[in-house]
Structure formats: C-alpha cells, structure tokens
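Undergrad: Can you look at this prediction? I've put the sequence above it.
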Amino acid sequence: MTSITIDNVRHEEADLTDDQKKLVQEVQINQNAITLLDHQLNCLKAAGTVKLAELRKILKPVEEKTDAKTS
C-alpha cells in the first residue's frame with residue numbers, strides 16, 4: 001500500500017478522496033518541474049561560466065597589448 005507523509009503525518013493512498021489524490025499528483029508534478037528547472041538553471045550557469053572564461057582568455061591578450069602601448 002502506498003502512503004505519503006505531509007507534516008510528519010502519514011496518509012495511506014487508499015484512504016484519500018479522489019480530490020486529495022489529484023492534489024497529491026499536482027504537488028508531485030510541481031516538485032518534478034522544480035527539480036527539472038533547477039537542473040536546467042545549473043546547466044545554464046555552468047555554460048555561462050565556460051563562456052565567460054573563454055571571453056576572459058580572448059580579451060586578456062588585447063589588454064596586455066593595450067597596456068604595453070600605454071607604458
């Protein structure tokens with residue numbers, strides 16, 4: 001038998017009404033969506049870090065040349 005725990009209270013799925021079961025499903029869908037979006041955000045942050053590192057690498061020689069000309 002499947003059960004869920006909310007606020008430290010265990011609820012048996014067989015004892016839930018159809019409306020309660022529907023809400024449980026909606027909460028699960030919501031939690032899954034949050035997990036997916038967190039993963040996507042972390043991937044975007046990692047890609048952004050890589051791109052920023054690439055930009056710094058490309059710009060560094062330009063800055064060194066600029067500094068050399070002004071000295």
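TA: Now that the structure is in, tell me what you want to look at.
Undergrad: Just the pLDDT for the residue nearest the centre of the chain.
TA: The centre of the chain sits closest to D38, judged by Cα atoms, centre = their mean, with a distance of 1.0 Å. Looking at D38, its pLDDT stands at 98.
Undergrad: Which helix or strand contains it?
TA: With elements taken from DSSP states H and E, the one containing D38 is helix 18-70.
Undergrad: Ramachandran angles for T2?
TA: According to degrees, to the nearest 10, the main-chain angles of T2 amount to phi -90, psi 140.
Undergrad: ok, the residue nearest to it when sequence neighbours are not counted - how many residues close by?
TA: Of all residues not flanking T2 in the chain, E13 sits nearest, at 4.3 Å (Cβ to Cβ, 6 or more residues apart in numbering). (Glycine included, C-beta is placed from N, CA and C.) Taking other Cβ atoms under 10 Å as the criterion, the count of residues near E13 is 12.
Undergrad: could you measure E13 against H39, distance?
TA: From E13 over to H39 the distance is 28 Å, taken as Cβ to Cβ, to the nearest Å.
Undergrad: Equivalent analysis for G48, please.
TA: In this structure, G48 and H39 are separated by 15 Å, where distance is defined by Cβ to Cβ.
Undergrad: Kindly report the same for V24.
TA: As defined by Cβ to Cβ, V24 lies at a distance of 23 Å from H39.
Undergrad: So if I had to pick from those two, which one is more boxed in?
TA: Taking neighbours as other Cβ under 10 Å, V24 and H39 compare with V24 leading, 16 against 10.
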